[in-house]
Structures are given as structure tokens and as C-alpha cells.
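**Student:** Next come a sequence and a model predicted from it.
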Amino acid sequence: MKYKVFSVVQFSDSLVKSKRLEKIATDSVNWWTFYKNKEANWIEFYPFSEHHGGGAPYIINIGSSDFEPWIEDNKDFVNSVRELIDTKV
């Protein structure tokens with residue numbers, strides 16, 4: 001699925017392994033985990049955080065964008081992705 005031009009998929013350990021993602025930071029307030037590999041930066045997030053256990057995690061590939069400026073420019077990405085998921089169901 002796409003949020004703007006950014007790919008979003010359901011998070012899995014196999015994705016982390018296949019993409020060789022390295023965990024670099026966490027944001028415990030927003031329930032985000034930041035990853036990177038040689039090609040891109042990635043953010044794991046929980047669009048349905050009110051569900052038991054936070055719901056299913058998703059991950060977005062933000063390309064070569066730095067985390068903080070990307071988040072500043074896309075403040076509502078979690079809710080937008082949630083709406084995309086809801087329309088697919």
C-alpha cells in the first residue's frame with residue numbers, strides 16, 4: 001500500500017531480516033521504532049494502537065529522508081495509513 005509515494009507494509013521479523021534492517025532508535029511516546037538499511041530509512045508504527053497489544057504493527061519506507069524532517073512534514077501519516085487500511089478491509 002502507498003502513503004503518498006511511500007511504501008507501507010505490515011511489519012514482520014522476516015521483513016527485518018530480508019531487508020537487513022538495523023534498529024537505530026525508539027520513540028516510546030508514539031510507539032515508533034526507527035530502522036535503516038543501506039537503501040532507506042524505515043519507521044515501524046501502530047496505526048491501531050487502541051487495540052489489545054497495540055494492534056498489528058506496520059512499517060513505512062521513507063527512502064533517504066531523515067526521520068525528524070520527514071515526520072514534521074508528514075505529521076498525520078499514522079492516521080492516514082489507518083484510513084488506507086480501513087478502506088482495504
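**Tutor:** Now that the structure is in, tell me what you want to look at. Numbering: from 1, shown residues only.

**Student:** hmm, which helix or strand of this structure has the shakiest average pLDDT?
**Tutor:** helix 77-88 (a mean of 92; mean pLDDT, DSSP states H and E).

**Student:** in that one, what's buried?
**Tutor:** 77-78, 81-82, 85 (16 or more other C-beta atoms under 10 Å). (Each C-beta comes from the backbone N, C-alpha and C, glycine too.)

**Student:** what about the helices in this structure?
**Tutor:** 13-19, 67-73, 77-88 (DSSP state H).

**Student:** List the residues that contact the spatially most central residue of the chain.
**Tutor:** What sits nearest the mean C-alpha location of the chain, by C-alpha atoms, centre = their mean, is residue 59, with 3.0 Å. Contacts for residue 59 were tallied using C-beta atoms under 8 Å, 6 or more residues apart in numbering; they are 8-11, 15, 35, 42-45.

**Student:** same thing but 10 Å
**Tutor:** 7-12, 15-16, 19, 21, 33, 35, 42-45 (C-beta atoms under 10 Å, 6 or more residues apart in numbering).

**Student:** Residue 62 now?
**Tutor:** Residue 62 sits next to 3, 5-7, 34, 36, 40-43, 69-71, 74, 77 when contact means C-beta under 10 Å, 6+ apart.
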